[in-house]
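In: How does the following fold in three dimensions:
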Amino acid sequence: MYATTAEAVRAFRDRLALPGLVDVHTHFMPERVLDKVWDYFDAVGPLTGVEWPITYRHEEEQRVALLREFGVRAFTAMLYPHKPAMAAWLNAWSADFAARTPDCLHTATFFPEDGVAEYVVRALEAGARIFKAHLQVGAYDPNDERLEPVWGVLAEAAAPIVIHCGSGPVPGKYTGPEPIARLLARHPRLPLVIAHMGMPEYADFLDLADRYPEVRLDTTMAFTDFSEQFSGFPAQDLGRLADLGDRILLGTDFPNIPYPYEHQLAALERLGLGDDWLRAVCHDNGARLFRLA
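Out: Below is the predicted model:
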């Protein structure tokens, strides 16, 4: 399967004359944490009514090698805490991973807790280039007062935050557009990257991107056959994707996807938004955001 995937991705890149892909939504984390994430996806079928097999359930070294074989020139280590006193430890692991994996964009995370602003500043000083926030798993309000200085620091640093704030695959207490709208009203320059295109509240998050020029969206799992079963993207909003073509970034959720990597690319191509749009989404927007040579 992997040879076929590498060939399919290479053909996609060659047709578009891309030097590679920039994937802003891939997961690397400590082994015991990732095992628990995989346990969650193994059990998520009863929640969504759809089985969720992990396609790339491999050791870390093989997962990195696969992304390189697919031609991904820059990727992330999306990781997230679900309780206090976890984020700083995850950040230390991620800093080490980035140091030994030069094509990984140094990724960090945070949680509403005492000392959060201090360890976010330390992560930035250590070279973090992108952050992850997961409102569904963390079950926290982005407007928690303990996070207020964090948002200010990240806005000032222009550090993108990939934020899972849509209500898919299952809603959480603080998911949906309303908490994010309140956050952006206070921090309009905050460079949020709405994970999964805001699935399933696509239109609402597109509205926020229209209103705030530093808001972007990632494609993670959107438009795929798997997601279209239960969170179909509204056909009437396809034109809005074209209008926001400079602020949509490739994301895949590798390795936690129930289909081969190339299917995300094929799902984007079949939207029919043109080669220039695909080049921007799959490479140019990310390369510009992270100032890749």
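In: What is the least confident helix or strand in the chain?
Out: Using mean pLDDT, DSSP states H and E, the weakest-scoring helix or strand in the chain turns out to be helix 45-48, at a mean of 66.
In: Dig out what Leu105 forms beta bridges with.
Out: Beta bridges link Leu105 to Thr76, judged by DSSP bridges.
In: if we can go back for a sec, which strands or helices does the following helix or strand past the least confident helix or strand of the chain pack on?
Out: Heading C-terminal from helix 45-48, the first helix or strand you meet, by DSSP states H and E, is helix 60-69. Counting contacts by 3 or more C-beta pairs under 8 Å, 6 or more residues apart in numbering; DSSP states H and E, helix 60-69 is packed against helix 2-16. Where C-beta positions appear, they are placed from N, C-alpha and C, glycine not excepted.
In: ok, and what's touching the helix it packs on?
Out: 18-21, 66, 69-71, 260-262, 265-266, 269, 275, 278-279, 282 (C-beta atoms under 8 Å, 6 or more residues apart in numbering).
In: same question, stretch 65-75
Out: Contact partners of stretch 65-75, identified using C-beta under 8 Å, 6+ apart, comprise 2, 5-6, 9-10, 13, 18-24, 26, 56, 58, 103-105, 254, 261, 286-287, 290, 292.
In: Equivalent analysis for stretch 266-278, please.
Out: 8, 12, 15-16, 219, 222-225, 238, 241-242, 245, 250, 281-282.
In: mind redoing it with 7 Å?
Out: Stretch 266-278 has contacts (C-beta atoms under 7 Å, 6 or more residues apart in numbering) with Leu16, Thr219, Phe223, Thr224, Leu238, Leu241, Ala242, Gly245, Val281.
In: Likewise for stretch 237-245?
Out: Taking C-beta under 7 Å, 6+ apart as the rule, stretch 237-245 contacts Tyr202, Ala203, Leu206, Ala209, Ile248, Leu271, Leu273, Trp277, Ala280, Val281.
In: What residue in the protein is the furthest from its centre?
Out: Asp114 (25.8 Å; C-alpha atoms, centre = their mean).
In: For beta bridges, what are the partners of the closest residue to Tyr80 other than its chain neighbours?
Out: Spatially, and ignoring its direct neighbours in sequence, Tyr80 is nearest to His134 (3.9 Å; C-beta to C-beta, 6 or more residues apart in numbering). Beta-bridge partners for His134, by DSSP bridges, are His164.
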